[in-house]
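>>> Sharing a model that was predicted from the sequence below.
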Amino acid sequence: MPSGADWYDDERTMVRAWVSDPWDWGDYQACIDAVVARFDETDAQIAVLIDFSDSTGMPRSGSGVTRLRAVTAITDHPQFEHGVVCGLTTRMGQTLTAIFSRVYGSLDVAACVEDGATLVANKRGASRH
């Protein structure tokens, strides 16, 4: 399956969303819709780990900048706590993530999903002090 979202932790406070090759913008939208569906399963604040580690890049069809804005369905959701883009190694992808972080806030970058989960846990720990 080229995209999806499922709970990362048993407490249901983190969702791992993924796209994997070959994927297209329809798969990306299905991934976003799957994350929003996870929000509907709980009342908790949710961190989203967006996993691109099995992807070699964005689809060539359509504008990536325009299509990537669909992520606002996640970042504008009242239960959205924080997002971490994981495994995105292309310079273009990292640049787009940096831009989106400035515009929409609450997005970080991590080398892998495990590092992303650790980053979320550390932020949660720091906010409790």
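Done, it's in. Numbering: from 1, shown residues only.
>>> The residue nearest to the spatial centre of the chain sits in which helix or strand?
Geometric centre of the chain, nearest residue: Ile50, 2.8 Å, by C-alpha atoms, centre = their mean. Taking DSSP states H and E as the criterion, Ile50 maps to strand 46-51.
>>> any idea of the mean pLDDT in that strand?
Mean per-residue pLDDT for strand 46-51: 95.
>>> Can I get it in CSV? Just the C-alpha atoms.
Taking Å, rounded to 0.1, in the frame of the first residue of the first chain, the C-alpha atoms of strand 46-51 are listed here in CSV:
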residue,chain,number,x,y,z
ILE,A,46,-1.8,13.8,18.6
ALA,A,47,1.7,14.1,17.2
VAL,A,48,2.1,13.0,13.6
LEU,A,49,5.2,11.3,12.3
ILE,A,50,5.2,11.7,8.5
ASP,A,51,7.4,9.0,7.1
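>>> Low-confidence ranges, this structure, go.
Scanning the chain for pLDDT under 70 picks out 1, 62-68, 93, 104-105, 128-129.
>>> Do a quick rundown of the strands in the protein.
3-7, 14-19, 46-51, 80-86, 107-110 (DSSP state E).
>>> Let me know which of those strands is tucked in deepest.
Per-stretch averages of neighbours, counted by mean count of other C-beta atoms under 10 Å, single out strand 46-51 among the strands of the chain, with a mean of 26. To be clear about C-beta, it is placed using only N, CA and C from the backbone, and glycine gets the same treatment.
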